[in-house]
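J.: have a look at this prediction, sequence included:
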Amino acid sequence: GQNIDQPTEMTATEGAIVQINCTYQTSGFNGLFWYQQHAGEAPTFLSYNVLDGLEEKGRFSSFLSRSKGYSYLLLKELQMKDSASYLCAVRDRAGNMLTFGGGTRLMVKP
Amino acid sequence: NAGVMQNPRHLVRRRGQEARLRCSPMKGHSHVYWYRQLPEEGLKFMVYLQKENIIDESGMPKERFSAEFPKEGPSILRIQQVVRGDSAAYFCASSPPSSSGNTIYFGEGSWLTVV
């Protein structure tokens, strides 16, 4: 089975940097995903890590350490529109199903 | 290239009625997944299908819920005799045939309200 933990809520200031952590315990692992979800909308793909290290994509970066069962999503130059829930998800060994954490609700304040 | 298409976007049903939710995967995608999201909660896996096959239904409630992905046409999630607790957002996702290194994309969701 899979167990995925991330903080429930975080608050940050516009223009700042925020790091959202995710830890996981899994019986199988075939990649970790981060999604952004605004209230009442669908999850939108942000990043994918399958090897250790940092993946950078514009203002967003994601890091993975498989030995520690740990990932983080880094958001730079925060904008008000970044206020959303950020979902960490792990794909199982079979490479099919995603198991999601409960999501981290990020509030960006002026 | 159209994304994952779901309909209806919003559905209201009275207790005891049936709800049918449809999902057309992205072009070239043959894997379909259904997830449920209760208010203020995370996404919970329900079922994983390929054309004409249910691969994993470990997240499906044992009664009243069924899913199919026929050779032709969209995937259907069917909920019989709905109850208030079925009120949720139901998201469909799809991915290409190869399971390695491929992103899973979500549709806009179908919001079911049971009154």
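T.: Yep, it's here. Numbering: from 1, shown residues only, chains lettered A, B, ... in the order given.

J.: from here on, contacts and neighbour counts on C-alpha atoms
T.: Noted.

J.: so how far is B:Arg36 from B:Val114?
T.: 15 Å (CA to CA, to the nearest Å).

J.: of those two, which one has the most company?
T.: B:Arg36 (24 against 19; other CA atoms under 10 Å in any protein chain shown).

J.: what does whichever helix or strand the more buried one is part of rub up against?
T.: In the assignment (DSSP states H and E), B:Arg36 maps to strand B:31-37. Contacts to strand B:31-37, defined as CA atoms under 8 Å, 6 or more residues apart in numbering or on different chains, come from residues A:97, B:25, B:43-51, B:69, B:75, B:77, B:88-97.

J.: could you do stretch A:37-50 as well?
T.: A:30-36, A:55, A:57, A:60-64, A:83-87, B:91, B:101, B:103-109.

J.: which ones among those residues map onto helices?
T.: Using DSSP state H, no member of the contacts of stretch A:37-50 falls within helices.

J.: of the residues you listed, buried ones?
T.: The neighbour count (16 or more other CA atoms under 10 Å in any protein chain shown) marks A:30-36, A:55, A:60-64, A:83-87, B:91, B:103-109 as buried among these.

J.: next one: the closest residue to chain A within chain B relative to A:Arg91, how far apart?
T.: The nearest approach of chain B to chain A comes at B:Gly42, 4.4 Å away (CA to the nearest CA). Separation of B:Gly42 from A:Arg91 (CA to CA): 16 Å.

J.: which one of the two has more residues nearby?
T.: Per other CA under 10 Å, whichever of B:Gly42 and A:Arg91 has more neighbours is A:Arg91, with 23 against 18.

J.: now the more buried one. Nearest residue, chain neighbours left out?
T.: Excluding its sequence neighbours, the residue lying closest to A:Arg91 (CA to CA, 6 or more residues apart in numbering or on different chains) is A:Leu98, at 4.5 Å.

J.: repeat for A:Val90
T.: Leaving aside its chain neighbours, A:Val90 sits nearest to A:Leu32 (4.5 Å; criterion: CA to CA, 6+ apart).

J.: the one you found: what's it in contact with?
T.: By CA under 8 Å, 6+ apart, the contact set of A:Leu32 is A:Tyr48, A:Asn49, A:Val50, A:Leu64, A:Cys88, A:Ala89, A:Val90, A:Arg91.

J.: could you redo the last one with a cut-off of 10 Å?
T.: For A:Leu32, the contact set (CA atoms under 10 Å, 6 or more residues apart in numbering or on different chains) comprises A:22, A:24, A:47-51, A:62-64, A:66, A:70-71, A:88-92, A:98-100.

J.: repeat for A:Lys109
T.: A:Lys109 is in contact with A:Thr11, A:Ala12, A:Thr13, A:Glu14, A:Gly15, A:Leu78, A:Gln79, A:Met80, A:Ser83, counting by CA under 10 Å, 6+ apart.

J.: what's across from B:Arg78 in the sheet?
T.: Residues in a beta bridge with B:Arg78, per DSSP bridges, are B:Arg20, B:Ser66.
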